[in-house]
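[1] Have a look; sequence and predicted model below, questions after that.
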Amino acid sequence: MKELIKDIYYNEGQGTYGYRPMWAALRDRGVKLAMETVRKLMRSIGLKTELYHTASYSPDMELVLGMLDELETKLTAYSHPVIHSDQGSQYQSPTYQARLEKMKLVQSMSRKGNCHGFNNIRRSNKLNYTTPVKYRDRVMVTI
């Protein structure tokens with residue numbers, strides 16, 4: 001199982017899959033494990049998914065571009081992760097957009113006023129939305 005997880009992580013996931021996308025990829029292959037089991041297996045073989053995380057009381061361009069500088073030093077040549085953010089003006093600026101394009105990163109922006117996209121899936125399901133949430137061209141859940 002660990003070899004399959006490594007194969008998916010480095011080939012399909014390009015070094016960016018966390019345990020949720022990994023769980024979905026395993027299910028696509030007919031492997032049924034609990035998400036927590038997948039998380040523990042990934043941790044046991046040293047696969048890390050959080051590349052960089054930062055926080056500040058006042059987000060500004062210096063903070064955001066500094067985060068991209070730090071991220072650039074940690075990315076492998078073959079990985080192009082999805083960068084998720086809220087709709088703050090710094091994330092919509094031409095400078096930020098150009099930097100993401102230069103680094104070949106994909107931007108994911110949450111709906112207005114909601115910076116916790118996947119955390120609200122369960123709540124959205126109760127409202128019977130029908131918009132599919134996709135990750136790497138695979139429908140993860142329909143909300």
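    Received it, and whenever you're ready, just let me know what you need.

[2] Where does pLDDT dip in this protein?
    By pLDDT under 70, the low-scoring segments of the chain are 49-55, 59, 111-143.

[3] what residue lies at the spatial centre of it?
    V82 (5.0 Å; Cα atoms, centre = their mean).

[4] Okay, and the beta partners of that one?
    Beta-bridge pairing of V82 under DSSP bridges involves V106.

[5] wait, it sits on S108?
    Yes - using Cβ atoms under 8 Å, V82 is in contact with S108, at 5.0 Å. No exception for glycine: its C-beta is placed from N, CA and C like everyone else's.

[6] how about the helices in this structure?
    Secondary structure of the chain by DSSP state H: the helices cover 2-7, 19-28, 35-44, 61-74, 89-92, 94-103, 121-126.

[7] and the angle for the second one with helix 35-44?
    The reference is to helix 19-28. 110 degrees (axes from the mean of the first three to the mean of the last three Cα atoms, to 10 degrees).

[8] what's the answer for the fourth one, then?
    An angle of 70 degrees separates the directions of helix 61-74 and helix 35-44 when computed by the same axes, to 10 degrees.

[9] just how off-centre is helix 61-74 within its chain?
    17 Å (Cα atoms, centre = their mean, to the nearest Å).

[10] What residues of it count as buried?
    Under the neighbour-count criterion of 16 or more other Cβ atoms under 10 Å, helix 61-74 has V64, M67, L68, L71 buried.

[11] for those, which one is nearest Y78?
    L71 (15.0 Å; Cβ to Cβ).

[12] follow-up on the earlier one: what's the most buried one of the helices of the chain?
    Of all those, helix 19-28 has the most neighbours on average by mean count of other Cβ atoms under 10 Å, namely a mean of 19.

[13] Contact partners for Q90?
    Applying Cβ atoms under 8 Å, 6 or more residues apart in numbering to Q90 gives the contacts P59, D60, M61, L63, V64, Y96.

[14] Take those residues and write them to TSV, including distance to Y10.
    Shown next, in TSV, are the contacts of Q90 (distance: Cβ to Cβ, whole Å):
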residue	distance to Y10
P59	33
D60	36
M61	34
L63	31
V64	29
Y96	29
